[in-house]
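Q: just to be clear, the model below is a prediction. Sequence and coordinates:
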Amino acid sequence: MTCKVLPVIHVSETRQVLRNVDIVLKAEADGVFLVNHDKDWQHLQRVVKAVQDFAPDLWLGINSLDLHPKQAFGFFKSVDGIWTDNGGIDERSKEQPHATMIRDARANYDGLYFGGVAFKYQRPVYNVVGAAEIATDYMDVVTTSGPGTGRAANPQKVRIMKEAMGDHPLAIASGITPENVGTFLPYVDYVLCATGISDDFHNLNPDRVRQLVETVRSNDETED
């Protein structure tokens, strides 16, 4: 399995984002996600434009925390990926109105949709197998996490989700470090990482980013 490394940049100002994008480019990661925490989606739009001008060939995704995903599909048509922490999957129900609404809203969006399932700070999911199976019908990349920011998922959880999903892509989005990523590589197709490769909330560490990329690539070569 070839896993793609997508470092996550927490957006502050344009210069800060471009500095971090340069780190990602030099490490030869597969792309980058931008996440706005204390900035609004209009600010994120401006930063996206700046990144696209700076690195037009870079795979670029966003997670706009102040927008419902159905709005993000309209406001960020030019990005390669849109990620939401809550993909709306309810494994307790036969009907999936929230997930269906998101899927319908993305009909005219050409990028990849990363939907949160059994994700941090959302409703607890006790049947992750059921949730994962349902989610494959609603999102391009099922995206899960550990219990909190910077906290790794239980590898057993990730393994059983992937087994339930088959060939459908799975991403992991918290607690990944260059030291522990190998534990998850048999099961995940994407690694979304910030805390484990950063100096602080807004700044990636060049050596840690490079180490993560090299570790993942080395594993891919070993499998080949």
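A: In hand now; what should we look at?
Q: hey, C-alpha coordinates of stretch 9-23 in PDB?
A: What follows is stretch 9-23, C-alpha atoms only, in PDB (Å, rounded to 0.1, in the frame of the first residue of the first chain):
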ATOM      1  CA  ILE A   9      -0.800  23.800   8.400                       C
ATOM      2  CA  HIS A  10      -2.800  25.700  11.000                       C
ATOM      3  CA  VAL A  11      -3.500  29.000   9.300                       C
ATOM      4  CA  SER A  12      -2.500  32.300  10.900                       C
ATOM      5  CA  GLU A  13      -1.200  34.700   8.300                       C
ATOM      6  CA  THR A  14      -0.200  34.300   4.600                       C
ATOM      7  CA  ARG A  15       3.500  34.600   5.200                       C
ATOM      8  CA  GLN A  16       3.400  32.000   7.900                       C
ATOM      9  CA  VAL A  17       1.500  29.600   5.700                       C
ATOM     10  CA  LEU A  18       3.900  30.100   2.700                       C
ATOM     11  CA  ARG A  19       6.900  29.500   5.000                       C
ATOM     12  CA  ASN A  20       5.400  26.200   6.000                       C
ATOM     13  CA  VAL A  21       4.400  25.300   2.500                       C
ATOM     14  CA  ASP A  22       8.000  25.800   1.500                       C
ATOM     15  CA  ILE A  23       9.000  23.300   4.200                       C
END
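Q: which outside residues touch that stretch?
A: 7, 24, 32-37, 39, 43-44, 46-47, 50-51, 54-55, 58, 194, 201-204, 206, 209 (C-beta atoms under 8 Å, 6 or more residues apart in numbering). Every C-beta, even on glycine, is put in place using the N, C-alpha and C of the backbone.
Q: buried residues, it. List them.
A: Within stretch 9-23, the residues scored as buried using 16 or more other C-beta atoms under 10 Å are 9, 10, 11, 12, 17, 18, 20, 21, 23.
Q: closest to residue 149 out of these?
A: Of all those, residue 149 sits closest to residue 10, with 10.3 Å by C-beta to C-beta.
Q: ok, that closest one to residue 18 distance?
A: 14 Å (C-beta to C-beta, to the nearest Å).
Q: can you check residue 102 too?
A: Applying C-beta to C-beta to residue 102 and residue 18 gives a distance of 30 Å.
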